[in-house]
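Asks: Here's a sequence, model it:
(one chain, ligands or ions: 1)
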Amino acid sequence: MERVKCLIIGSGPAGYTAAIYASRANIAPVVYEGMQPGGQLTTTTDIENFPGYPEGINGFEMMEDLRKQAERFGADVRTGEITAIDLSKRPFKVVVDESTEIEAETVIISTGASAKYLGLADEKKYAGMGVSACATCDGFFYRGKTVAVVGGGDTACEEATYLSNLAKKVYMIVRKDYLRASKVMQERVASKDNIEILFNANTAGLFGNPAVEGARIVKFKGTPEETTLDIAIDGFFLAIGHKPNTDFLGGQIELDELGYIKTDGYTTATNVPGVFAAGDVADPRYRQAITAAGMGCKAALDVEKFLVENGIK
Ligand code: NDP
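Replies: Just a heads-up that it's a prediction; the model follows:
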């Protein structure tokens, strides 16, 4: 069975940065890219807040560059998903794509997070038929049409602004009476004539046949002013945050109350010696590309130290 010194699970900024550092330290890391090579940034528009790119950079290109940089120093980047893992003793055992078994002396978990859904049956019913959690992936299909974006954070504002350049009209469905997003994002939304914000609004359901043709909105839910209105839309975009991707761990790693991997605060160590976590999967607070990359760097340095301390050559 193949045995590796450092297995990196996930290929966002955290995973690739860990791979750059680990390969430069001669640890010969193996990276499994997972279901979405390059991670969430490959589905965003331009990244304007990563230091070093005064004009911004396309998310897909940036991840390509990070991968190439890791490979240049010898990181072995592979296609595949970790479908099972046994962290009960070292070397840890992992199964790739339900078939190949590998042993790993150390593991860096950098599996990121996935978009959350409201939990409406209609989201499943209309999956791929008007419901999406990625404006940059699917916005193209809604040129000249009407869409709605759910959420009031930075992601929702970013997606609404992006869609406003393609669609005829964009609704934002916001459950509170204010936007949580940063000032700069709010200003971008406010500068668009074709974005209408529905505050105090919740989505009760979607309708249409065979694809989405509208949404039923409840305003001021549970109060005497409660009203219901139907809006005609062709697309329904979720932008209500993310859930860390930890299901494959099967409860073997300690998580916090929100489901993020707990690290010891100062380092990237998890509760299992030899297992480290970096990026959005372990970061309920910052969730930025640059902070994920920083955590990836820390994880690789933590692995290096762990290997030395445990006499693993
Ligand atoms: P946030 O958690 O910041 O915002 C989620 C939004 O969705 C909130 O408005 C929340 O409402 C709403 N929401 C959550 N659950 C539901 C629900 N069940 N029904 C209706 N509405 C719901 O997530 P984001 O993805 O927007 O941002 C995550 C992080 O990434 C943030 O730190 C953000 O700053 C950062 N980010 C930065 C960007 C940039 O700077 N370029 C771009 C995108 C993200 P409520 O306010 O009521 O809780």
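Asks: Is residue 192 in a helix, a strand, or coil?
Replies: At residue 192 the chain is in coil, as set by DSSP: H, G, I helix; E, B strand; the rest coil.
Asks: State the distance from it to the ligand.
Replies: Residue 192 is 16 Å from the ligand, where distance means C-beta to the nearest ligand atom, to the nearest Å. Where C-beta positions appear, they are placed from N, C-alpha and C, glycine not excepted.
Asks: Residue 227 too?
Replies: 17 Å.
Asks: That residue: how many residues sit nearby?
Replies: For residue 227, the neighbour count with other C-beta atoms under 10 Å is 12.
Asks: Likewise for the one 3 residues further on?
Replies: Under the neighbour criterion other C-beta under 10 Å, residue 230 is assigned a count of 13.
Asks: tell me which residues in stretch 31-41 are buried?
Replies: Neighbour-count burial for stretch 31-41, counted by 16 or more other C-beta atoms under 10 Å, picks out 31, 32, 33, 34, 36, 37, 38, 39, 40, 41.
Asks: Next one: it, is it in contact with the ligand?
Replies: No. Stretch 31-41 lies apart from the ligand when judged by C-beta under 6 Å from any ligand atom; the minimum separation is 9.6 Å.
Asks: Residues contacting that stretch, please?
Replies: Contacts with stretch 31-41, where a contact means C-beta atoms under 8 Å, 6 or more residues apart in numbering, come from 7-13, 15-16, 19, 42-43, 47, 59-60, 62-64, 67, 70, 75-82, 96, 111-113, 242, 280, 289.
Asks: State the mean pLDDT of it.
Replies: The pLDDT scores in stretch 31-41 average 92.
Asks: re earlier: which of the contacts of stretch 31-41 fall within strands?
Replies: 7, 8, 9, 47, 76, 77, 78, 82, 96, 113, 242 (DSSP state E).
Asks: so what's the closest residue to the fifth one other than its chain neighbours bridging to?
Replies: Setting aside the residues directly before and after it, residue 76 is nearest to residue 30 in space (C-beta to C-beta, 6 or more residues apart in numbering), at 4.7 Å. Counting by DSSP bridges, residue 30 forms beta bridges with residue 7, residue 76.
Asks: Tell me, how many residues neighbour residue 30?
Replies: Count around residue 30 with other C-beta under 10 Å applied: 22.
Asks: give me every residue that touches it.
Replies: Counted by C-beta under 8 Å, 6+ apart, residue 30 has contacts 4, 6, 7, 8, 75, 76, 78, 102, 104.
Asks: if I look at the spatially most distant residue from the centre of the chain, how far off is the ligand?
Replies: For the chain, the C-alpha farthest from the mean C-alpha position belongs to residue 224; by C-alpha atoms, centre = their mean, that distance is 38.1 Å. Per C-beta to the nearest ligand atom, residue 224 is found 21 Å from the ligand.
Asks: returning to what we had before: format the ones in strands among the contacts of stretch 31-41 as CSV; extra columns: distance to residue 134, pLDDT and neighbour count.
Replies: Listed next are the ones in strands among the contacts of stretch 31-41 as CSV, based on distance: C-beta to C-beta, whole Å; pLDDT from 0 to 100; neighbours: other C-beta atoms under 10 Å:
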residue, distance to residue 134, pLDDT, neighbour count
7, 28, 98, 26
8, 24, 98, 34
9, 22, 98, 27
47, 15, 85, 19
76, 29, 98, 15
77, 23, 98, 19
78, 25, 98, 13
82, 23, 97, 22
96, 26, 97, 20
113, 13, 94, 23
242, 12, 88, 17
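Asks: Which single one of the residues you listed is nearest to the ligand?
Replies: The ligand has its nearest neighbour among the ones in strands among the contacts of stretch 31-41 in residue 242, at 6.1 Å by C-beta to the nearest ligand atom.
Asks: contacting residues for the closest one?
Replies: 40, 113, 114, 115, 116, 280, 287.
Asks: Would you mind listing which of the residues you listed are buried?
Replies: So, by 16+ other C-beta under 10 Å, the buried ones in these are 40, 113, 114, 115, 280, 287.
Asks: Excluding chain neighbours, what is closest to the residue in the stretch 151-300 of the chain positioned nearest to the ligand?
Replies: Residue of the stretch 151-300 of the chain nearest the ligand, by C-beta to the nearest ligand atom: residue 153 (2.5 Å). Using C-beta to C-beta, 6+ apart and skipping residues adjacent in sequence, the residue nearest residue 153 is residue 180, 4.9 Å away.
Asks: and the one you found, how far is that from residue 170?
Replies: 18 Å (C-beta to C-beta, to the nearest Å).
Asks: And for residue 91?
Replies: From residue 91 over to residue 170 the distance is 51 Å, taken as C-beta to C-beta.
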